[in-house]
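> Just the structure for this:
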Amino acid sequence: MIKIQNLNDKNFKKFGIIICPENKSKIFDVICKEKEKVGWRIGYLILNPQKVKMLEAHPYSMETFEPVKGTSIIIVAENKKPEKFYAFLLDKPVCLYKGTWHAIIALSESIEIKITENLEVDSVFYKLKKPLDIVLE
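Presented below is the predicted three-dimensional model:
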């Protein structure tokens, strides 16, 4: 059984950061950044409910997941521990650290998520021992 946690700074800090300004009195705040000069791209993910059979990681790229429509869960695990994953309700935008294992599960009929990442992204995959299937009853 997978326990779905709410996103907060304390329980998500091993995997990335929640995209939210530290100082809300500023009109602009940089939340996450790459120190090297690399190109970037914006993607748009549309998913329907399905079982998750593997986790993905990007060793050299941070990646944002910004919910646009629907209800979804983000599955995450630390770089060296893909078999020890956690599930969070993706109700806020997040930026994953480089190498964080991840997958998205749609709970709504359809979900839409904006993704920002480096222009060139290397991906590695970890096959789960059994597929994850989470549904709302």
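> Lys10 looks like it's in a helix, true?
Yes - using DSSP: H, G, I helix; E, B strand; the rest coil, the assignment for Lys10 is a helix.
> give me the number of residues near it?
5 (other Cβ atoms under 10 Å). The way it works is simple: take the backbone N, C-alpha and C, and place the C-beta from them, glycine included.
> pLDDT wise, what is it at?
On the pLDDT scale, Lys10 is placed at 92.
> Quick check: the gap between Asp91 and Val30.
23 Å (Cβ to Cβ, to the nearest Å).
> out of these two, which sits in the busier spot?
The neighbour comparison of Asp91 against Val30 (other Cβ under 10 Å) goes to Asp91, with 12 against 6.
> Looks like that one contacts Gln5 (just checking).
No - the pair Asp91 / Gln5 is not scored as a contact, 11.3 Å apart, by Cβ atoms under 8 Å.
> which residues sit in contact with Val68?
By Cβ atoms under 8 Å, 6 or more residues apart in numbering, the residues touching Val68 are 44, 112-114.
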